[in-house]
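Peer 1: Give me a model of this one.
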Amino acid sequence: MSKFKLSLFLSIFSLVSLFAREYNIAKYGAINDGLTLNTIVVQKAIDDCNKNGGGTVMVDGGGVYVIGTIFMKSNVTLHVDNGTVLQGSTNQADYPLEGVHKNMYSREPSKDACLIYAENASSMAIEGHGTIDGNGHYKYFPRKGRMKRPMLIRFKDCSNISMRDIHLINPVAWTTAWLYCNNITVDGITIVSRANFNGDGLDFDGCQNVRVSNSNFDNSDDCICLQASLPHKPCKNITINNCNFTTKWGGMRIGLLSRGDIGYVTVSNCTFKDIQDSGLKIQQNEGGEMSHMTFSNLVMENVPRPIFMTFCQQTASVDTPKGEYEPLKRMHHMKFDNIVVDNSKGDRHSAFFLTGIPGHEIEDISITNVDFIVAGGVNKEDAKQKDVKEYTHDNMKRWPEFYVVKELPAYGVYARHINGLNLENFFITTLKEDKRLPVILNQVRNATTRNIKANGKLIKLKK
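Peer 2: Numbering: from 1, shown residues only. Okay, the predicted model is just below:
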């Protein structure tokens, strides 16, 4: 179809659709053959829907509709029907860098592009039992040179957003980035992001009033991230429940990007399975304050560090000048309750690991009602007390990850530089005899411990 005929067709169809509430991309001329690039017609349907007061842009009919970058607008619902796929192009030229903002992490400009973008929009929705497929397989998007690795979805400064029942698969990098958005509901979605590296699931940066529920995650990187890249944009009032997490890295990461405050978070009734690094990674390392969080009724299987918490100084934001560090504030008031962990098939590095740094303690942490099964098996020679590296600039290559310390002299809990720690009803079981101490409190002030058992026996804590 010539450009003139396409323009004439779209103009006539826009008039026909003026009074309609549904804008079907097939009627605009989109072709679901998995080959034809449909960016222009899909964008025209979105624009018409927005211009005429809102409604639904319908993607149906089965098959695969290929697109490059599209821009969502206010009052538009993008509905991808069951059995239908909206798929990202593998052509770099189909992902412009203009008008899609940027990735907020330093040294990661390859992720600036994205497939679906919105800015300053309100009352938007992405729904349906169909699939949005980034088509981000490594053979199309290898990590080399200046190749773009577009995120699947990025929303900036948007409000009243709903994402329901959709399948999001195969992003080239992150699945979603939500920047400074308000009033978000995510319910019943499935994310599978194993096609490439850095496949985060839901990343909420400086967002408020967020609800995530009834969703499944299978990721090559963190499933859900809570962060704050701008000092004046806090990430707060977050509720996450009834979700299942599987990933090569972290189930939930809170922090890293932490220039603004992060707090008032509740996570409950979730499962974590086959996670390479940690279940809950809570890490404050820029200029914000992190506080007021509860985590309850969690079940974990094959998760080496159920809780990995660090308070240290590092630079994560792309907007922070190289070599500069923001002053640390506080990390405090967090409760963890009713946690069941089975690491019987895990490795020797399994433990609850919480650490501040000298001069910057983590404050007021409570961990109660825990059943923790570990493989054990460390012999007397390997169990000798070792220095555990501090999370200083010199010891960190970039991020405060577990590989900085590599291993711990405790198989249950290792806590350091904390003021106010409550451990209660904490039961540790080793399948094989382990010569390490079950719990070590190192430079922990104002600790309260009650009913801490290792293999059924009350233990005396080494402080």
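Peer 1: Which SSE is immediately downstream of the helix or strand Leu86 falls within?
Peer 2: According to DSSP states H and E, Leu86 maps onto strand 84-88. Note on strand 84-88: by DSSP H and E, the next helix or strand toward the C-terminus is strand 114-119.
Peer 1: Parallel or antiparallel, which strands does that next one pair with?
Peer 2: Note on strand 114-119: by DSSP bridges, its sheet partners are strand 70-71 (parallel), strand 151-156 (parallel).
Peer 1: Any chance of JSON lines for the ones you listed, columns mean pLDDT, mean neighbour count and distance to Arg330?
Peer 2: All C-beta spots, glycine's among them, are computed from the backbone N, C-alpha and C. What follows is these, written out as JSON lines (pLDDT from 0 to 100; neighbours: other Cβ atoms under 10 Å; distance: least, Cβ to Cβ, whole Å):
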{"stretch": "strand 70-71", "mean pLDDT": "98", "mean neighbour count": "18", "distance to Arg330": "40"}
{"stretch": "strand 151-156", "mean pLDDT": "98", "mean neighbour count": "25", "distance to Arg330": "28"}
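Peer 1: Format those strands as a markdown table; extra columns: distance to Asn422.
Peer 2: Below are those laid out as a markdown table (distance: least, Cβ to Cβ, whole Å):
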| stretch | distance to Asn422 |
| --- | --- |
| strand 70-71 | 49 |
| strand 151-156 | 39 |
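Peer 1: How far does the strand holding Leu86 sit from its chain's centre?
Peer 2: How far strand 84-88 lies from its chain's middle: 23 Å, per Cα atoms, centre = their mean, to the nearest Å.
Peer 1: quick one on the thing from earlier: out of the strands paired with strand 114-119, the one nearest Asn50 is which?
Peer 2: Taking Cβ to Cβ, strand 70-71 is the member of the strands paired with strand 114-119 nearest to Asn50, at 9.7 Å.
Peer 1: any weak-confidence spans in the protein?
Peer 2: 1-20, 385, 462-463 (pLDDT under 70).
Peer 1: can you rerun that using 90?
Peer 2: The chain contains residues with pLDDT under 90 at 1-20, 107, 143-146, 320-324, 345-349, 379-387, 393-398, 406-407, 460-463.
Peer 1: Grab the most central residue of it for me.
Peer 2: Ile224 (2.4 Å; Cα atoms, centre = their mean).
Peer 1: Surely it touches Ser215?
Peer 2: No. Applying Cβ atoms under 8 Å, one finds Ile224 not in contact with Ser215, separated by 9.2 Å.
Peer 1: Mind listing the shared neighbours of these two?
Peer 2: Taking Cβ atoms under 8 Å, 6 or more residues apart in numbering as the criterion, Ile224 and Ser215 both touch Cys243.
Peer 1: Settle this for me: Cys223 is touching Asn244, isn't it.
Peer 2: No. Cys223 is beyond contact range of Asn244, at 9.2 Å (criterion: Cβ under 8 Å).
Peer 1: The two: who's more crowded?
Peer 2: Neighbours were tallied for Cys223 and for Asn244 using other Cβ atoms under 10 Å; the higher tally belongs to Cys223 (32 against 17).
Peer 1: In contact with the more buried one, which residues?
Peer 2: Ile191, Asp200, Gly201, Leu202, Phe217, Phe245, Thr246, Thr247, Gly250, Gly251, Met252 are the contacts of Cys223 under Cβ under 8 Å, 6+ apart.
Peer 1: ok, now how distant is the first one from Cys243?
Peer 2: The one in question is Ile191. 10 Å (Cβ to Cβ, to the nearest Å).
Peer 1: Find residues that contact each of the two.
Peer 2: Ser215, Asn216, Phe217.
Peer 1: With neighbour count added, can I get the residues you listed in TSV?
Peer 2: TSV is the format used below for the shared contacts of Ile191 and Cys243 (neighbours: other Cβ atoms under 10 Å):
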residue	neighbour count
Ser215	25
Asn216	17
Phe217	28
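Peer 1: Make CSV out of those residues and add distance to His349.
Peer 2: Output for the shared contacts of Ile191 and Cys243, formatted as CSV (distance: Cβ to Cβ, whole Å):
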residue, distance to His349
Ser215, 29
Asn216, 27
Phe217, 23
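Peer 1: follow-up on the earlier one: tell me what the strand holding Leu86 is packed against?
Peer 2: When contacts are defined as 3 or more Cβ pairs under 8 Å, 6 or more residues apart in numbering; DSSP states H and E, strand 84-88 packs onto strand 63-67, strand 131-133.
Peer 1: Tell me what angle the longest one forms with strand 114-119.
Peer 2: Looking back up the chat, that one is strand 63-67. If you take axes from the mean of the first three to the mean of the last three Cα atoms, to 10 degrees, strand 63-67 sits at 70 degrees to strand 114-119.
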